[in-house]
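>>> Show me the folded form of this:
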Amino acid sequence: MIFDVITIFPEFFSSILEHGLLKRARASGHAEFRLHDLRDYTEDRHRTVDDRPFGGGPGMVFKPEPIFRAVETLNKDAKGAKFPVILLSPQGRLLTQAVAQELARESRLALVCGRYEGVDERVAEHLATGNRPDAIQKVRLGAGRDGKLTAMAMDITAGVPSSVA
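Residues are numbered from 1 along each chain as shown. Coordinates of the predicted model:
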């Protein structure tokens, strides 16, 4: 299974991918993690990924444009193969064993790691149009982005029939 991780801190994931179950999954070929720096998909010289929420409110949210560009690039690389795009969000559906088993049937997942006060709602509302209707799946976990990826990848790779778990 391929995990495309879209984040502003790709170096965060280097250490967790080098230990334990995720290391064994990578070494055996059951899981491949591709880290994508969201800032690589910006168009300004400051590589800006966030802005104030439309309509006001506290904090900063991720702008939709870099996320759309990142997923469009992944879609081009996939050469027509469809895959879910998962927005990691505290407002999303709970990651249960049943959800992990469902996702384990996929050959590829794109994980969008949120930050700040969240992600512009246009990402959740419209990103799925190029994929299948339910392609945006929100997963709720209490830990930070590294914990989200670790828990999700461990659950999903454990659900793969020939898993190293």
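
>>> ok, so what distance separates Leu87 from Arg24?
To Arg24, Leu87 is 28 Å away according to CB to CB, to the nearest Å. Backbone N, C-alpha and C define where each C-beta goes, glycine included.

>>> Who has more neighbours out of the two?
Between Leu87 and Arg24, counted using other CB atoms under 10 Å, the more crowded position is Leu87 (25 against 15).

>>> Which of the three states applies to Phe3?
Secondary structure for Phe3, judged by DSSP: H, G, I helix; E, B strand; the rest coil, is strand.

>>> Could you report the neighbour count for the nearest residue to it once chain neighbours are set aside?
Leaving out its chain neighbours, the residue that sits closest to Phe3 by CB to CB, 6 or more residues apart in numbering is Phe33, at 4.9 Å. Using other CB under 10 Å, the number of residues around Phe33 comes to 20.

>>> Give me the residues contacting the helix or strand Phe33 falls within.
Following DSSP states H and E, one finds Phe33 within strand 32-37. Residues from elsewhere that reach strand 32-37, judged by CB atoms under 8 Å, 6 or more residues apart in numbering: 1-8, 10, 13-14, 17, 22, 26, 70, 74, 153.

>>> Now with 7 Å, please.
With CB atoms under 7 Å, 6 or more residues apart in numbering as the test, strand 32-37 has contacts from Ile2, Phe3, Asp4, Val5, Ile6, Thr7, Ile8, Pro10, Phe13, Leu17, Arg26, Ala70.

>>> For Gly114, list the residues it contacts.
By CB under 7 Å, 6+ apart, the neighbours of Gly114 are Phe62, Leu87, Leu88, Ser89.

>>> which SS class is the closest residue to Leu35 other than its chain neighbours?
Distances taken as CB to CB, 6+ apart place Pro10 nearest to Leu35, at 3.9 Å, with adjacent residues excluded. Here Pro10 takes the coil state, with states given by three-state DSSP.

>>> repeat for Leu109
Going by three-state DSSP: Leu109 is strand.

>>> For the longest strand seen in the chain, output the C-alpha coordinates as CSV.
Assignment by DSSP state E gives strand 85-94 as the longest strand of the chain. The C-alpha coordinates for strand 85-94 follow below in CSV (Å, rounded to 0.1, in the frame of the first residue of the first chain):
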residue,chain,number,x,y,z
VAL,A,85,-7.9,11.5,-0.2
ILE,A,86,-8.2,11.6,3.5
LEU,A,87,-8.3,14.8,5.4
LEU,A,88,-7.1,14.2,8.9
SER,A,89,-9.4,16.3,11.0
PRO,A,90,-10.8,16.3,14.6
GLN,A,91,-14.3,16.9,13.0
GLY,A,92,-14.1,13.8,10.9
ARG,A,93,-15.3,10.3,11.4
LEU,A,94,-13.7,8.2,14.0
